[in-house]
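Chemist: 3D model of this:
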Amino acid sequence: MDCVFCKIASGEIPSTRVYEDELCVAFKDLEPQAPVHILIIPREHIASAAEITPANSSIVAHIFEVAAKLAKENGLAKGWRIVSNVGEDGGQSVKHLHFHLLGGRSMAWPPG
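Modeler: The predicted structure follows:
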């Protein structure tokens, strides 16, 4: 499989990791859209949120626990956003489930 996020999770491609455990890896986004912009990915290849099932949903719950921990560690007490794009029309650029943790500035809607 030629998946950039699988390669980051395995360490084949370097990243600026801020967290990792047996289920997920979190690293700084290369093109940050906020003062804090961290990507959180499962180590297991799941193509998108459209492929979350009862068999793998516990990984997503764990990722949300990690997101809350990272938000606290990064001083985001005033608020933060977590985003997962799904499919081409949803703006998904890497076909591996990932969550953008964004904070450190006021978040407008639509995102900008």
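Chemist: max-length strand in the protein?
Modeler: strand 36-42 (DSSP state E).
Chemist: by contact count, what packs against it?
Modeler: helix 4-10, strand 24-28, helix 57-73, strand 99-103 (3 or more C-beta pairs under 8 Å, 6 or more residues apart in numbering; DSSP states H and E). Heads up, the C-betas are built off the backbone N, CA and C, glycines and all.
Chemist: now with 7 Å?
Modeler: strand 24-28, helix 57-73, strand 99-103 (3 or more C-beta pairs under 7 Å, 6 or more residues apart in numbering; DSSP states H and E).
Chemist: Now do it: distance to the chain's middle.
Modeler: Strand 36-42 sits 3 Å away from the centroid of its parent chain (C-alpha atoms, centre = their mean, to the nearest Å).
Chemist: Just the mean pLDDT for that strand, thanks.
Modeler: Strand 36-42 shows a mean pLDDT of 98.
Chemist: which neighbours does that strand have in its sheet, and in what orientation?
Modeler: According to DSSP bridges, the neighbouring strands of strand 36-42, each with its direction, are strand 24-28 (antiparallel), strand 99-103 (antiparallel).
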